[in-house]
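# Below: sequence and its predicted model.
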Amino acid sequence: ADVVDAAIVFNFFMFLFLIACYEIASRMMPSIYRPDRKGKGKGKGGVPAGHTPAATVVSRPGGYPLSWVGSVYRVSWSQVLKSGGVDAYMYLRYLRLCLQIVAVSGFWGMIVLFPVFATGGGNAVGWYHLSMSNIVQGSWRLWFPSVFMWYLTFYVLYVMNE
């Protein structure tokens, strides 16, 4: 458990460090982080030809940190496609798909599977106590992860079809 706690704390501080680096860099080098400014592009105002300037899609961030998050959250998929192109659109849709799958499987995995595994009757210790290795061989509890995977598979196919 000490290793997991250390990893969580380390990753939290790395997250804060990277967000701080982004906030500082975006203010120091606005031509890189805001393509609506004049720069070395092929189209008008440094924006590649055929793309919409980002200023028309996302309002400029305010002076406080993370003020850009709300504006980015409100951007529609058609605006992302128009301003970023097909590659950016597909990449962001893929990231959203991955987030949806991880969020649903993680939430329901903790709600359904952790209690099943924790009461599995095995002698596992540490994090293994919350895994399938804590279930005794031949137990009826083995049906829970099987059914869970079926439901998760159907959910993934549903989300991919959206």
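Cool, the structure landed. Residues are numbered from 1 along each chain as shown.
# need the helices for the chain, in chain order.
2-28, 30-33, 68-73, 77-108, 114-118, 143-161 (DSSP state H).
# Could I get these in CSV, plus columns for mean pLDDT and distance to residue 132?
Quick note: C-beta positions are derived from backbone N, CA and C, even for glycine. Output for the helices of the chain, formatted as CSV (pLDDT from 0 to 100; distance: least, Cβ to Cβ, whole Å):
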stretch, mean pLDDT, distance to residue 132
helix 2-28, 92, 18
helix 30-33, 77, 45
helix 68-73, 82, 37
helix 77-108, 93, 15
helix 114-118, 92, 6
helix 143-161, 95, 6
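# any idea how far residue 121 is from the residue with the largest distance to the centre of the chain?
For the chain, the largest distance from the centre (Cα atoms, centre = their mean) belongs to residue 138, which lies 36.7 Å off. Going from residue 138 to residue 121 by Cβ to Cβ, to the nearest Å gives 11 Å.
# swap in residue 9?
In terms of Cβ to Cβ, residue 9 sits 33 Å off from residue 121.
# per-residue confidence at the residue farthest from the centre of the chain?
Listed pLDDT for residue 138 reads 89.
# do you know how far it is from residue 124?
For residue 138 relative to residue 124 (Cβ to Cβ), the value is 16 Å.
# of the helices of the chain, which approaches residue 129 most closely?
Set against residue 129 and scored by Cβ to Cβ, the helices of the chain come closest in helix 114-118, at 6.1 Å.
# residues in contact with the closest one?
129-132, 134-135, 141, 144-145 (Cβ atoms under 8 Å, 6 or more residues apart in numbering).
# which one of the residues you listed sits closest to residue 22?
Proximity of those to residue 22 (Cβ to Cβ) peaks at residue 130, which lies at 34.4 Å.
# Next one: the closest one, what pLDDT does it get?
At residue 130, pLDDT is 88.
# repeat for the one 4 residues further on
The predicted local confidence for residue 134 comes out at a pLDDT of 90.
# Enumerate every residue touching it.
Residue 134 touches 117-118, 120-124, 128, counting by Cβ under 8 Å, 6+ apart.
# Buried ones from those residues, can you make that a PyMOL selection?
To isolate the buried subset of the contacts of residue 134 in PyMOL, counting by 16 or more other Cβ atoms under 10 Å, use the following:
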select buried, resi 117+120+122+124
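# In JSON lines, list the contacts of residue 134 along with distance to residue 70.
Below are the contacts of residue 134 laid out as JSON lines (distance: Cβ to Cβ, whole Å):
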{"residue": "117", "distance to residue 70": "39"}
{"residue": "118", "distance to residue 70": "39"}
{"residue": "120", "distance to residue 70": "44"}
{"residue": "121", "distance to residue 70": "49"}
{"residue": "122", "distance to residue 70": "47"}
{"residue": "123", "distance to residue 70": "50"}
{"residue": "124", "distance to residue 70": "44"}
{"residue": "128", "distance to residue 70": "42"}
